[in-house]
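J.: Prediction below, plus the sequence it came from.
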Amino acid sequence: MPLKKSAAWLLAGVALLGAARRPPWPAESMNVVVDGENRGPVTFFRVDGVACLPLENLQKIYGGRVAWKRVSRKFDYRLENRTAEFVLDSSSAIVGGQPIALETAVRWWGDSAFLPVSLLTTPAHQAFTKTKTQWIDAPPSLTVDPIPSISSARVFNYPRETRVSVEIGPDVDYRLLGQRDNTLYLRLFDGRAAQSEKLTFDEGTVASVQMDPHARTTDLTVQLATGAGTPDIYTTASPRTLTIDVPKGAVWSPARRPPPMEDNGPVLVAPPSAAPPRSSLDAPYLALSPLRTIVIDAGHGGKDVGAVGPGGTYEKDVNLRTARALAQLLRSEDRFNVLLTRADDRFLTLEERSAVANKNKADLFISLHCNAGLTRASNGFEIYYLSEKATDDEAAAVARRENAVVDLEGVAGPAKEKVEELLWSLARNEHMNDSSEIAALIARQAGQRLPLINRGVKQAGFYVLRGTAMPAILIETGFITHPKEEGLLRSTRYHQKLIETVYAGLLDYEKRKIQARLAQSSAGGN
């Protein structure tokens, strides 16, 4: 047989062998985001209708090593000093020492094992990988967020104090190392923050907060602003949190003064005893708050999916997740009445959304959305308030896209024009200034806290804002059409920063209004 013909037969044989060893189950692609970074499509298979991931793709997502015990048809999956044990053709496993039942048995084909994707979302596997993992079957997507033992610092300015809080794991301890030049130095042991971060502020009693992670420790540096009083440092449980409250007005008290810094470094001291958190606003301040009832609107929903990211992420899902998280943060204050226009995946008309706010006499209406660009290069965070005339052509385009939901409401022709006229008649010009101020304060916080371009405050004629009889804003949390921002919009860490940005802006607005009302009351009393 000629050499060329022999080579052709050989290549054909290799191809047939490769085809024979391919898994016999339907193959699909899932979009995978790890810590806010798009990892692109990853192949998985439907084994008897159950989504299953090849072992090598599992390693690409989580890392780790595999040790085979071929005689006993077992293998160990190891991450650092933790082990998960699996048996081929068995629907049970031991993950981190905990026995769990699998949705389907571990299958074998070619040189790989196939594990059910549902395993990744079990509490045992999330504890094993130290992640928060979310799986969505349609469209197929997996989001993996590492859980650091030390969270990012969260800083909020209240009328009479600034609060710095850091969530810490159960094994993390801390020490107040000392104070020099109005700067607190703390060290957290047996834990590490995810990344170095620094926040700076031009209001409140804290000028800056810096996190510096090292191998097994993290340094927390808090620079106090002029006029700061004696800090109160304590820990709370559920979740375990290190909190530093810095009040206004009082000077450093000798009895409460942190120990001095020695020339050769800080003095190590025991941490203060735990103390219960106190309310951020006492009764006199609470009575002056302009924010009692807040309605949060998760844009789109149901048959209206909104914009779709390049990885298949639906805007309606991101909006709902953001709305729930923001509501939870606001409710943690135990003083806001927070309502959601939708708490699940349902379709609402624009009139129904504004009606929730009007019926409950809300003090603020917040509509949450993701932006979409004509190109994938469009990116950034921006915030809107109502105006009949758009700030620019881009703002007008955003409003047209968000208003297009009217076409799904079954309203057309003269009836549609009547709806638009009614919505405009309900718009309250007296709320425009407050809406503008709230938007500006949130945008300012976005510039300090978010890893996105800050596109600032804009105006446009959004139907969902027209029908509200209170201050109202619409937030475009990022461009879901931008591959990097799509990943961020699915990540837990970005969502936390996002809701903290909105919350901090609302606190700034509340503080300004309370101070103005106090000044007005004082002037009236004189």
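T.: Yep, it's here.
J.: quick one: low-confidence parts of the stretch 301-450 of the chain?
T.: Within the stretch 301-450 of the chain, the set of residues satisfying pLDDT under 70 comprises 406-430.
J.: what about the helices in it?
T.: 315-331, 350-359, 393-403, 413-426, 432-449 (DSSP state H, counting those that start in this stretch).
J.: Report the mean per-residue pLDDT for stretch 135-155.
T.: Mean pLDDT, stretch 135-155: 91.
J.: Buried residues, it. List them.
T.: Under the neighbour-count criterion of 16 or more other Cβ atoms under 10 Å, stretch 135-155 has 135-136, 139-145, 147-155 buried. Glycine gets a C-beta too; all of them are placed from N, C-alpha and C.
J.: What is the end-to-end distance of it?
T.: Taking Cα to Cα, to the nearest Å, the first and last residues of stretch 135-155 lie 31 Å apart.
J.: all helices of this protein, in order?
T.: For the chain, the helices defined by DSSP state H cover 3-21, 55-62, 123-129, 283-287, 315-331, 350-359, 393-403, 413-426, 432-449, 463-466, 483-490, 492-525.
J.: ok, which stretches of the stretch 1-150 of the chain are strands?
T.: Secondary structure of the stretch 1-150 of the chain (DSSP state E, counting those that start in this stretch): strands located at 27-34, 37-47, 50-54, 65-69, 74-79, 82-87, 92-95, 98-101, 107-109, 112-116, 131-136, 141-146.
J.: quick revisit: to residue 199, which of the helices of the stretch 301-450 of the chain lies closest?
T.: Across the helices of the stretch 301-450 of the chain, the minimum distance to residue 199, taken as Cβ to Cβ, is reached by helix 432-449, at 6.1 Å.
J.: Contact partners for residue 490?
T.: Shown in contact with residue 490 (Cβ atoms under 8 Å, 6 or more residues apart in numbering): 33, 36, 134, 141, 143, 313, 318.
J.: Recalculate using a threshold of 6 Å.
T.: Neighbouring residues of residue 490 by Cβ atoms under 6 Å, 6 or more residues apart in numbering: 33, 143.
J.: measure it to residue 308 for me?
T.: The gap separating residue 490 from residue 308 is 13 Å, by Cβ to Cβ, to the nearest Å.
J.: Equivalent analysis for residue 483, please.
T.: For residue 483, the distance to residue 308 (Cβ to Cβ) stands at 13 Å.
J.: swap in residue 389?
T.: Applying Cβ to Cβ, the value for residue 389 to residue 308 is 30 Å.
J.: just checking, residue 47 touches residue 25?
T.: Yes - the criterion here is Cβ atoms under 6 Å, and residue 47 meets it with residue 25 at 5.0 Å.
J.: Quick one: the strands in the stretch 201-350 of the chain, in order.
T.: With DSSP E, counting those that start in this stretch as the criterion, the stretch 201-350 of the chain has strands spanning 206-213, 217-224, 232-236, 241-247, 261-262, 265-266, 293-298, 337-340.
J.: and residue 389 and residue 308? which has more neighbours close in?
T.: Shown here are residue 389 and residue 308; by other Cβ atoms under 10 Å, residue 308 has more neighbours (17 against 9).
J.: Not counting sequence-adjacent ones, nearest residue to the more buried one?
T.: Leaving aside its chain neighbours, residue 308 sits nearest to residue 314 (6.1 Å; criterion: Cβ to Cβ, 6 or more residues apart in numbering).
J.: Count the neighbours of residue 516 for me.
T.: Residue 516 has 12 nearby residues by other Cβ under 10 Å.
J.: for residue 431, that is, sorry about that
T.: Neighbourhood size, residue 431 [other Cβ under 10 Å]: 20.
J.: residues contacting it?
T.: Listed by Cβ under 6 Å, 6+ apart, the contact set of residue 431 reads 470-471.
J.: what's the distance between it and residue 390?
T.: Taking Cβ to Cβ, one finds residue 431 at 19 Å from residue 390.
J.: again, but for residue 220
T.: To residue 390, residue 220 is 44 Å away according to Cβ to Cβ.
J.: Pick out whichever of the two has more residues nearby.
T.: For residue 220 and residue 390, the more surrounded residue by other Cβ under 10 Å is residue 220, and the numbers stand at 23 against 19.
J.: measure the more buried one to residue 480 for me?
T.: Taking Cβ to Cβ, one finds residue 220 at 34 Å from residue 480.
J.: Same check on residue 437?
T.: From residue 437 across to residue 480, the span is 28 Å (Cβ to Cβ).
J.: Equivalent analysis for residue 304, please.
T.: 14 Å.
J.: do the same with residue 211
T.: 29 Å.
J.: Look at those two and report which has more neighbours.
T.: Neighbour count, other Cβ under 10 Å: between residue 211 and residue 480, residue 480 has more, with 28 against 21.
J.: Name all residues that make contact with the more buried one.
T.: With Cβ under 6 Å, 6+ apart, residue 480 has these contacts: 307, 309, 315, 370, 486, 489.
J.: can you check residue 403 too?
T.: residue 463.
J.: And residue 191, by the same measure?
T.: Going by Cβ under 6 Å, 6+ apart, residue 191 touches 149-150, 169, 172.
J.: could the residues you listed go into CSV alongside distance to residue 472?
T.: Below are the contacts of residue 191 laid out as CSV (distance: Cβ to Cβ, whole Å):
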residue, distance to residue 472
149, 40
150, 37
169, 40
172, 41
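J.: Apart from its neighbours in sequence, what residue is nearest residue 239?
T.: With Cβ to Cβ, 6+ apart as the criterion, residue 239 has its nearest non-adjacent residue at 5.1 Å, and that residue is residue 167.
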